[in-house]
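# pasted the sequence and its predicted model underneath.
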Amino acid sequence: MIQDIGAHEYSNVFLTTPAEPGDRVLAYRGREVLLGERDAMCELPRVGELGVAASDLTFLFSIDGERYYLAPGGLAEAGGYAFHPLQECRYLAPRYLAFAAVTGSQLHDWYANNRFCGRCGHATELAPNSREIVCPSCANVVYPKIMPAVICGVTWGSKILLTKYAGRAYTRYALVAGFNEVGETLEQTCAREVMEEVGLHIKNLRYYADQPWPFTSSLLVGYFCELDGDPTIHVDHKELKLGVWMEREDIPRELPDTSSLTNQMIMHFRNDWEG
């Protein structure tokens, strides 16, 4: 999955150390990230390569003790680096640099969306010694945004329910998924989303795994569950293009995207299922 970076160690401990020429820079333009890419291998620029002032950079996190900083908006392509769609990082190596690129985008979005206080409208500031954004006028404190969501692997004997999204660029098979709402447990979210999207009842929910998903500022929590009752699918076409029961042996043996919890769950059902 996207966070599986092998022996590399990610640390989000906040540091106040000024950027140095050898530190990494993460720069974004809309849903694009500045990187070097060749033959599915990526490289992230360093401060010294881009000539950006250390005072303009915001500390993000460290990997293996190497510091990563956020560049201000409007940074131009330079030093052989170009802006690439952020979604490409799902397929690039080394995985720890791809993970850094997408994780930095979540913090970039959070900073960009909180330049003004949501309580009083005053311009916000960065806390000097910690991650928070603070309002100097009303003392409102804003923390990084993380939205919990569920992924539901609904099974019916040797079949699993596969879906395709409606109106999205992503056209591969997926599982029922959705965001947790106020007052719900994650298990209640699973039951609601399955009923809303495909009109089915479920039972025997079992936690499988979770993962950070920076593309949507989410924490994804995966569950397997069983069909409870009528297997007739009633697709909500506002959310989904289709929903189908697929036999285990009919699922493609390997899926090209190894970054997502969704695909890992589908492959787990395909190859390693023990019921």
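Right, received. Where do you want to start?
# got a list of contacts for stretch 159-178?
149-155, 189, 192-194, 196-198, 200, 220, 227, 233, 237-248, 251, 255, 257, 262, 265-266, 269 (C-beta atoms under 8 Å, 6 or more residues apart in numbering). Placement of C-beta: from N, CA and C, glycine included.
# surely Lys203 meets Cys225?
Yes. Applying C-beta atoms under 8 Å, one finds Lys203 in contact with Cys225, separated by 6.7 Å.
# looking at these two, which has the bigger crowd around it?
Remark: of Lys203 and Cys225, Cys225 carries more neighbours, 23 against 10, as counted by other C-beta atoms under 10 Å.
# give me the beta-bridge partners of the more buried one?
With DSSP bridges as the criterion, Cys225 is bridged to Val154.
# what's near enough to touch it?
By C-beta under 8 Å, 6+ apart, Cys225 lies in contact with Cys152, Gly153, Val154, Thr155, Cys190, Val194, Ile202, Lys203, Asn204, Leu205, Arg206.
# can we see that at 10 Å?
152-155, 161, 176, 187, 190-191, 194, 200-206, 208 (C-beta atoms under 10 Å, 6 or more residues apart in numbering).
# buried ones from those residues, can you make that a PyMOL selection?
Burial among the contacts of Cys225 is assessed by 16 or more other C-beta atoms under 10 Å; the matching PyMOL selection reads:
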select buried, resi 152+153+154+155+161+176+190+191+194+200+202+205+208
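# quick check: which element contains the nearest residue to Leu200 once chain neighbours are set aside?
Leaving aside its chain neighbours, Leu200 sits nearest to Val194 (5.4 Å; criterion: C-beta to C-beta, 6 or more residues apart in numbering). Assigned by DSSP states H and E, Val194 belongs to helix 186-198.
# just checking, Glu247 touches Gly157?
Yes. Contact criterion C-beta atoms under 10 Å: Glu247 and Gly157 qualify, at 9.2 Å.
# all helices of the stretch 51-200 of the chain, in order?
For the stretch 51-200 of the chain, applying DSSP state H, counting those that start in this stretch gives helices covering 95-112, 186-198.
# identify whichever of these lies nearest to Pro144.
For Pro144, the closest of the helices of the stretch 51-200 of the chain is helix 95-112, at 5.1 Å, according to C-beta to C-beta.
# which of the residues in that closest one are buried?
Neighbour-count burial for helix 95-112 [16+ other C-beta under 10 Å]: 95-111.
# follow-up on the earlier one: among the contacts of stretch 159-178, which lie within strands?
With DSSP state E as the criterion, strands contain 149-155, 220, 227, 240-247 from among those.
# which of the residues you listed are buried?
With burial judged by 16+ other C-beta under 10 Å, the buried subset of the ones in strands among the contacts of stretch 159-178 is 149-155, 220, 227, 240, 243, 245-246.
# and of the residues you listed, the nearest to Val25?
Leu220 (27.9 Å).
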